[in-house]
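J.: Need coordinates for the following:
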Amino acid sequence: MNIPTPHNKATKEEMANVVIMPGDPMRSKYIAEEFLEDAKLVNNVRGVQGYTGFWKGRKITVMSSGMGIPSISIYTYELFNFYDTDMIIRVGTAGSIQENVKIGEVLFAETAYTNSNFLRNFTLPKDYIPKANEELLKQAVKIAEEKNIKHHVGSVLTEEIYYSMEEGIVEKWAGRGVDAFEMEAAALYANADQAGKKALALFTISNSILSGVEMDVDLRERALNEMIEIGLDTAWNYAK
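T.: Reported below is the predicted structural model:
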C-alpha cells in the first residue's frame, strides 16, 4: 500500500511508533494542544485530525478514529500495517451498565465483547474474544494506582448500533459481567491481534445507562484529563 493512504496524508516519518486514539477529532486537537510539546498537524483528511509531538521528551502521535467499528477499523489497520505503528491506546468515553462502575471513574477494557459481525472477516479462532495486550494493561493500571485514580479493570461491549432497539440488551450483558457499552474497542483489539501489535482501550465513564445520568460538565475536563494522562504515560514507556 502506498503512503500516504486515502485516509491519512501523513508520511511514515511523521507518525510516531505509538499512537493515542480518541474518537473525537476535537479531542485529538485538545490533547495535542494541552499535553504535547511542539505538536504538528500531520493529518486532516475528512477532518480526522492527527498530531505528532512530544510527551515528556518522547515522540507520540495522537490521532482520532471517528465513531464506530468501520471507522476505527480503517485507521488502526493502516497504522498497524502500513505505518509500522507498534501500539495504539484508545482513550474514550463509555456508558456504565454496572452500579459499582461510576461516572467519572476510569475503566480499563481487559476484554471487548461485540454484537457486530465484524470479527467474521478475520482469520482468528472461532471462540476468539478481543482482549487488551496484557503488558500494556498492567502498565496502565500501575500508573493509575500511582496517581491514585479510581479505576476498574473489566470488560466492555463494543456495540455496532448506538441507538439499539434490542430488548433487554443492558440486562443481558450486565448479567454476563460486562461493565460498559462503547463502539470501538473490539475492532482495535482484533486489528492489533491480526497484525501482531499491542493495543489497549481505556475509558472515562461519562454516563450511566442504568440511571440515565450524564457526567457533570465541571467533572468532565478533570476526569478526561486523568484518563488522557494515564494513556500518555503508558505510551511513553514504549515510544522511540
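J.: Show me what the helix or strand harbouring Asn191 is packed up against.
T.: In the assignment (DSSP states H and E), Asn191 maps to helix 185-195. For helix 185-195, the helices and strands in contact under the criterion 3 or more C-beta pairs under 8 Å, 6 or more residues apart in numbering; DSSP states H and E are helix 69-81, strand 87-96, strand 106-114, strand 151-158, strand 198-208. C-betas here are computed from N, CA, C, even on glycine.
J.: Next, Tyr51: phi, psi?
T.: Listed backbone geometry of Tyr51 is phi -130, psi 140, with angles given as degrees, to the nearest 10.
J.: quick one: low-confidence parts of this structure?
T.: Counting by pLDDT under 70, the chain contains low-confidence residues at 1.
J.: State the distance from Glu159 to Ile88.
T.: With distances defined as C-beta to C-beta, to the nearest Å, the gap from Glu159 to Ile88 amounts to 20 Å.
J.: and the longest helix for this protein?
T.: As far as residue count goes, and with DSSP state H defining each element, the longest helix of the chain is helix 217-236.
J.: so it versus strand 106-114, what angle?
T.: Between helix 217-236 and strand 106-114, the angle formed by their directions is 80 degrees, by axes from the mean of the first three to the mean of the last three C-alpha atoms, to 10 degrees.
J.: Show me which residues of helix 217-236 are buried.
T.: 220, 223-224, 226-236 (16 or more other C-beta atoms under 10 Å).
J.: These into TSV, with extra columns for distance to Gly196?
T.: TSV is the format used below for the buried residues of helix 217-236 (distance: C-beta to C-beta, whole Å):
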residue	distance to Gly196
Arg220	36
Ala223	33
Leu224	31
Glu226	31
Met227	27
Ile228	27
Glu229	28
Ile230	24
Gly231	21
Leu232	24
Asp233	24
Thr234	19
Ala235	18
Trp236	22
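J.: Excluding chain neighbours, what is closest to the residue nearest in space to the middle of the chain?
T.: Within the chain, the residue whose C-alpha comes closest to the C-alpha centroid is Arg90; the distance, by C-alpha atoms, centre = their mean, is 1.7 Å. Counting by C-beta to C-beta, 6 or more residues apart in numbering, Ala201 is the residue found nearest to Arg90 once chain neighbours are left out, at 4.0 Å.
J.: and if you look at Ile209?
T.: Closest residue to Ile209 in three dimensions, ignoring its sequence neighbours and counting by C-beta to C-beta, 6+ apart: Gly95, at 4.4 Å.
J.: can I get the CA coordinates of stretch 102-119 in PDB?
T.: What follows is stretch 102-119 as a C-alpha-only set of coordinates in PDB (Å, rounded to 0.1, in the frame of the first residue of the first chain):
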ATOM      1  CA  LYS A 102     -19.500   5.100  38.500                       C
ATOM      2  CA  ILE A 103     -19.500   8.300  36.400                       C
ATOM      3  CA  GLY A 104     -16.000   9.900  36.300                       C
ATOM      4  CA  GLU A 105     -14.100   6.700  37.000                       C
ATOM      5  CA  VAL A 106     -11.700   5.100  34.600                       C
ATOM      6  CA  LEU A 107     -12.400   1.700  33.100                       C
ATOM      7  CA  PHE A 108      -9.700  -0.400  31.500                       C
ATOM      8  CA  ALA A 109     -11.100  -2.800  29.000                       C
ATOM      9  CA  GLU A 110      -9.400  -6.100  29.500                       C
ATOM     10  CA  THR A 111     -11.900  -7.700  27.100                       C
ATOM     11  CA  ALA A 112     -14.200  -6.200  24.500                       C
ATOM     12  CA  TYR A 113     -17.200  -8.300  23.500                       C
ATOM     13  CA  THR A 114     -19.200  -7.300  20.500                       C
ATOM     14  CA  ASN A 115     -22.500  -7.900  18.900                       C
ATOM     15  CA  SER A 116     -21.100  -7.000  15.500                       C
ATOM     16  CA  ASN A 117     -20.400  -9.400  12.600                       C
ATOM     17  CA  PHE A 118     -17.000  -7.600  12.100                       C
ATOM     18  CA  LEU A 119     -14.900 -10.400  13.500                       C
END
